[in-house]
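[1] output the structure for:
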Amino acid sequence: MVAILNTPLDMDLPYGCFIFLRFACCAAFSFWALAAHENEEPKWRNAFVVIALLYNPFLPVKLGDPVIWMLVNIATLFFVVVSGKISKDSPEDSKD
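    Numbering: from 1, shown residues only. Now for the predicted structure:
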């Protein structure tokens, strides 16, 4: 999802496209924050909350230069990949 945010930088897309992507990212990171909260993982919860707030469409964060946003998007993508890798490597509790 975050990789999609980097794609439109060279394209002349309407602003509504970026607002839609903010909604999608905010919703996804909020969902992951809730999942981390339910799994009692406060560090992951806090990280996902911060990222959800960064991408929220209601009170948008203005970073100015699109290059800064591109770097933020790349860092977010890296974070998502690392968090996914860690969650796959961690043992799951089997509650049958």
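[2] is the nearest residue to residue 55 once chain neighbours are set aside in a helix, a strand, or coil?
    Computed as Cβ to Cβ, 6 or more residues apart in numbering, the closest residue to residue 55 that is not its neighbour in sequence is residue 25, at 3.9 Å. The C-beta positions use only the backbone N, C-alpha and C, and glycine is treated the same way. Judged by DSSP: H, G, I helix; E, B strand; the rest coil, the three-state class of residue 25 is helix.
[3] again, but for residue 63
    Per three-state DSSP, the secondary structure class of residue 63 is coil.
[4] wait, residue 47 touches residue 79, no?
    Yes: shown here, residue 47 and residue 79 form a contact pair, counting by Cβ atoms under 8 Å, at 7.0 Å.
[5] ok, residue 50 - contacts?
    By Cβ atoms under 8 Å, 6 or more residues apart in numbering, no residues touch residue 50.
[6] which parts of stretch 25-38 are buried?
    25-26, 28-30, 32-33, 36 (16 or more other Cβ atoms under 10 Å).
[7] in TSV, list those residues along with secondary structure, pLDDT and distance to residue 66.
    Shown next, in TSV, are the buried residues of stretch 25-38 (DSSP: H, G, I helix; E, B strand; the rest coil; pLDDT from 0 to 100; distance: Cβ to Cβ, whole Å):
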residue	secondary structure	pLDDT	distance to residue 66
25	helix	90	16
26	helix	92	19
28	helix	92	22
29	helix	93	21
30	helix	93	25
32	helix	90	25
33	helix	92	26
36	helix	88	30
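[8] return the closest of those residues with respect to residue 55.
    Among these, residue 25 lies closest to residue 55 (Cβ to Cβ), at 3.9 Å.
[9] now residue 60, what are its backbone angles?
    phi -60, psi 140 (degrees, to the nearest 10).
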